[in-house]
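Visitor: Just the structure for this:
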Amino acid sequence: MQTNIPTRRHPKLVIEVRKYLPLVKISNEIKVGVIAIIGLLCLFLGYNFLKGKRLFDNSTIILGTYENVQGLTTSNPITISGLEVGSVYGIKPAKDMRSISVQMSINPDINIPKNSIAIIKPNPLGVTSIEIKLGDANVYLKNKDTISTDASPGLLEDVMKKVDPVLYEVKKAVGSIDTLLLNVNSAIDPATKSNLQSTIANLNKLTASLIISAASLESMLNAQTGTVAKTMNNLNTITSNLANNNDKINHVMTNLDVTTEKLSKLELQQTLDTLNSVISHINTSMERLNSKDGTMGLLLNDPSLYRNLASTSNKLNLLLDDMRLHPKRYLSFSVFGKKAKNNPLMVPLTDTLNAPYIIETKTD
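Guide: This next block holds a predicted model:
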């Protein structure tokens, strides 16, 4: 084996390489192995390319969860407003098969708002795809974020909706009613049915009571004999009387205004101050009367004055009685007569009832 190696710059290195090159031999096994590895690598890259996966790709991965993928497979297109912006990267069902996670590879140059919705669009004549309905949020989905999903109505329902919208709405309403009735039947047990029957019976009683109340209310609202009509007549009478006596009421209100104005002009505070001063003087006088310092206090509180007055009254009664019985002892008009020698009275007579004699007792 000879190689054409330039020998201008390093003649010694070229001589050494030429010396050892005949010793290197590549066996057929190594060649077959290298060719097999290259073939497997090309097969792997081609398989991933056909599946929509790229080895050197910086696409944004968005996750979505569905209950039914409707025939969706990897590498199926993802569109926005009819334009393909990515492909399905992977599909992973849950263990209970109640939900299926779909990985969507989106072009990194496209910003998808967070409130967008990903809807699977089945196509019996073509490939099932995912259509993204863009939202109006200002925040965008990032790599590995989850997008909201919604079930697709299906091709048949789209056709019915376009052909006969009324029939489509009726079908939807019937389906909703059917679902509601199924839920009600599953939720109602015998006890609930019994309770419903009792409730209906109570409602019947309530409606009967309401009928009676309505009849009473109707009689009450009768325009001729009803209580409300009589009440309104009385109110009309009262209001007419008020209207007839409007001048008197105005006069009374005027008098009240004048009276209140006069009361407001009174020097009430000065009067109250004078009254307080009078009350304080009265309190001072009462305190002096209750004390034993002054004459009135002694007259009211000293018992000896009462005893002296009683004694003087008794003595005066005794003197008057004695003068009435023995006047000659005090007055004598006879020139030759003699003075009476009767002893003086020591006790007033019994007819002196209003001033009985009180015998004083001396106390040490």
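
Visitor: show me where the stretch 1-150 of the chain has helices.
Guide: With helices called from DSSP state H, counting those that start in this stretch, the stretch 1-150 of the chain shows them at 11-20, 28-50.

Visitor: rank these by pLDDT, which is bottom?
Guide: Note on the helices of the stretch 1-150 of the chain: helix 11-20 shows the lowest mean pLDDT, a mean of 54.

Visitor: Outline the domain layout of this protein.
Guide: What the record gives for the chain is the domain set 1-50, 57-152, 302-364, from automatic domain parsing.

Visitor: Pull the longest strand seen in the chain out as PDB, backbone CA atoms only.
Guide: Counting residues, the longest strand found in the chain (DSSP state E) is strand 83-93. Output of strand 83-93 as PDB, limited to C-alpha atoms (Å, rounded to 0.1, in the frame of the first residue of the first chain):
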ATOM      1  CA  LEU A  83     -51.400  26.100   8.900                       C
ATOM      2  CA  GLU A  84     -49.200  23.200  10.100                       C
ATOM      3  CA  VAL A  85     -47.000  24.400  13.000                       C
ATOM      4  CA  GLY A  86     -45.800  21.100  14.400                       C
ATOM      5  CA  SER A  87     -46.500  17.400  14.800                       C
ATOM      6  CA  VAL A  88     -47.500  14.800  17.400                       C
ATOM      7  CA  TYR A  89     -44.200  13.800  19.200                       C
ATOM      8  CA  GLY A  90     -45.500  11.000  21.400                       C
ATOM      9  CA  ILE A  91     -48.700   9.400  22.800                       C
ATOM     10  CA  LYS A  92     -48.700   7.800  26.300                       C
ATOM     11  CA  PRO A  93     -51.900   6.300  27.700                       C
END
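
Visitor: Just the buried positions in that strand, please.
Guide: Buried positions in strand 83-93, judged by neighbour count with 16 or more other C-beta atoms under 10 Å: 85-90. C-beta coordinates here come from the backbone N, C-alpha and C atoms, glycine included.

Visitor: could you check the distance from the spatially closest residue to residue 106 that is not a sequence neighbour over to residue 75?
Guide: Nearest residue to residue 106 in three dimensions, chain neighbours excluded: residue 86, at 4.1 Å (C-beta to C-beta, 6 or more residues apart in numbering). According to C-beta to C-beta, to the nearest Å, residue 86 stands 10 Å off from residue 75.

Visitor: swap in residue 247?
Guide: From residue 247 across to residue 75, the span is 100 Å (C-beta to C-beta).

Visitor: rewinding a little: which strands or helices does the longest strand of the chain pack on?
Guide: Strand 83-93 sits against strand 77-80, strand 100-106, with contacts defined as 3 or more C-beta pairs under 8 Å, 6 or more residues apart in numbering; DSSP states H and E.

Visitor: Next, the angle strand 100-106 makes with that strand.
Guide: For strand 83-93 against strand 100-106, the angle between stretch directions is 150 degrees (axes from the mean of the first three to the mean of the last three C-alpha atoms, to 10 degrees).

Visitor: Tell me how many other residues crowd residue 70.
Guide: A count of neighbours around residue 70, defined by other C-beta atoms under 10 Å, yields 13.

Visitor: returning to that earlier point: tell me which of the helices and strands packed on strand 83-93 sits nearest to residue 288.
Guide: Residue 288 lies closest to strand 100-106 among those, at 108.6 Å (C-beta to C-beta).

Visitor: Against which helices or strands is that closest one packed?
Guide: Packed against strand 100-106 by the contact rule (3+ C-beta pairs under 8 Å, 6+ apart) you find strand 60-66, strand 77-80, strand 83-93.

Visitor: what pairs with the last one, and is each one parallel or antiparallel?
Guide: Think strand 83-93. Paired strands of strand 83-93, with direction, are strand 77-80 (antiparallel), strand 100-106 (antiparallel) (DSSP bridges).

Visitor: distance between the ends of stretch 90-102?
Guide: 6 Å (C-alpha to C-alpha, to the nearest Å).

Visitor: so where is the stretch 1-150 of the chain shaky, pLDDT-wise?
Guide: Scanning the stretch 1-150 of the chain with the threshold set as pLDDT under 70 gives 1-25, 48-57.

Visitor: Need the mean per-residue confidence for stretch 231-247.
Guide: Across stretch 231-247, the average pLDDT comes to 84.

Visitor: So which bits of stretch 127-137 are buried?
Guide: The neighbour-count check on stretch 127-137 (16+ other C-beta under 10 Å) flags 128-132, 135 as buried.

Visitor: Tabulate the buried residues of strand 83-93 in CSV, adding columns for distance to residue 291.
Guide: As requested, the buried residues of strand 83-93 are exported to CSV (distance: C-beta to C-beta, whole Å):
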residue, distance to residue 291
85, 114
86, 115
87, 119
88, 117
89, 115
90, 115
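
Visitor: Which single one of those is nearest to residue 112?
Guide: Closest to residue 112, out of all of the buried residues of strand 83-93 and judged by C-beta to C-beta, is residue 85, at 8.7 Å.

Visitor: now the closest one: how far from residue 173?
Guide: To residue 173, residue 85 is 36 Å away according to C-beta to C-beta.

Visitor: before we move on, what about residue 331?
Guide: Counting by C-beta to C-beta, the gap from residue 331 to residue 173 is 141 Å.

Visitor: more neighbours, these two?
Guide: Higher neighbour count among residue 331 and residue 173: residue 173, with 10 against 7, using other C-beta under 10 Å.
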